[in-house]
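J.: sharing a sequence plus its predicted fold:
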Amino acid sequence: MLMALVLGGAAPAIQPVQHEPTASIESSRNARLGRIIDLIKAKKADEAAQIIDPLLDEYEREHTGEKRPIYCADDTAEADRYRRAETDARRPVLIIPAGWCTALWAKGYLLSDTGRGGEAIPYLKRAAAMRPARPNYLTELAFAYQAVKDWPAMLDASTRLATLIADDNSASSVELCKAWHGMAYAQIELGKLDEATALLNKCLALDPANQKARNELDYIAKTRSKI
């Protein structure tokens, strides 16, 4: 999503990758990523981990010493979005294919899915920072924070997710409600019952049959009755 001229001036100069991988290397990496995703779907975490760790090491070695902000993108529109974000700081950026970010997300997902949310956070934070327009990275990051009961961080990740989804005209009300639910969950844990109630009611306005929102509102009502 990125490569056009920036309004008000030219886009920052983009330097070539110092050790640009060959097509065969990229093909090999993509094949391994596909295998990792298949193993994740099959709940074969140990097998997936055996492939993903060496792959992450490859990406790290390739970009060792890189000083520019690195972003992953699948297409020109996404790449241009990230370049525009860096324009005000007048910093050149490096745009790379999405594989590294996919691998970081997959590692974080595997750790979270095996009850190691705390260990997953650094991988998911990095994936979300390098590819901030990818909603599922923020979704998994919010879940990881929930696992370690870091409610302010969960609220932050869920809020960023909701903003991203709201800016996407193709996103569904179901996706937006899921993000609002994450925000409300964290707000409840932080004692911000009024803010949580407002979000859950917004969700019900979009999706009156949303049972999760109704359950959380019932929980808030019970909590208020004990105060």
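T.: Here it is on my side, so go on. Residues are numbered from 1 along each chain as shown.
J.: for Ser28, grab the count of nearby residues.
T.: Neighbour count for Ser28, taken as other C-beta atoms under 10 Å: 14. Heads up, the C-betas are built off the backbone N, CA and C, glycines and all.
J.: over to Leu56?
T.: Neighbour count of Leu56, defined by other C-beta under 10 Å: 16.
J.: ok, the one 3 residues further on next?
T.: Neighbour count of Tyr59, defined by other C-beta under 10 Å: 18.
J.: tell me the contacts of it?
T.: Counting by C-beta atoms under 8 Å, 6 or more residues apart in numbering, Tyr59 touches Gly99, Trp100, Ala103.
J.: from Tyr219, how far out is the first one?
T.: In other words, Gly99. Applying C-beta to C-beta, to the nearest Å, the value for Gly99 to Tyr219 is 41 Å.
J.: same thing with the last one?
T.: Remark: distance between Ala103 and Tyr219 (C-beta to C-beta) = 37 Å.
J.: got the buried residues for the helix or strand of the chain with the lowest mean pLDDT?
T.: Here the helix or strand of the chain ranked lowest by mean pLDDT, DSSP states H and E is helix 76-87, holding a mean of 90. Neighbour-count burial for helix 76-87, counted by 16 or more other C-beta atoms under 10 Å, picks out Glu78, Ala79, Asp80, Arg81, Tyr82, Arg83, Arg84, Ala85, Glu86, Thr87.
J.: and the helix or strand that it is followed by, which residues are buried?
T.: Heading C-terminal from helix 76-87, the first helix or strand you meet, by DSSP states H and E, is strand 94-96. Within strand 94-96, the residues scored as buried using 16+ other C-beta under 10 Å are Leu94, Ile95, Ile96.
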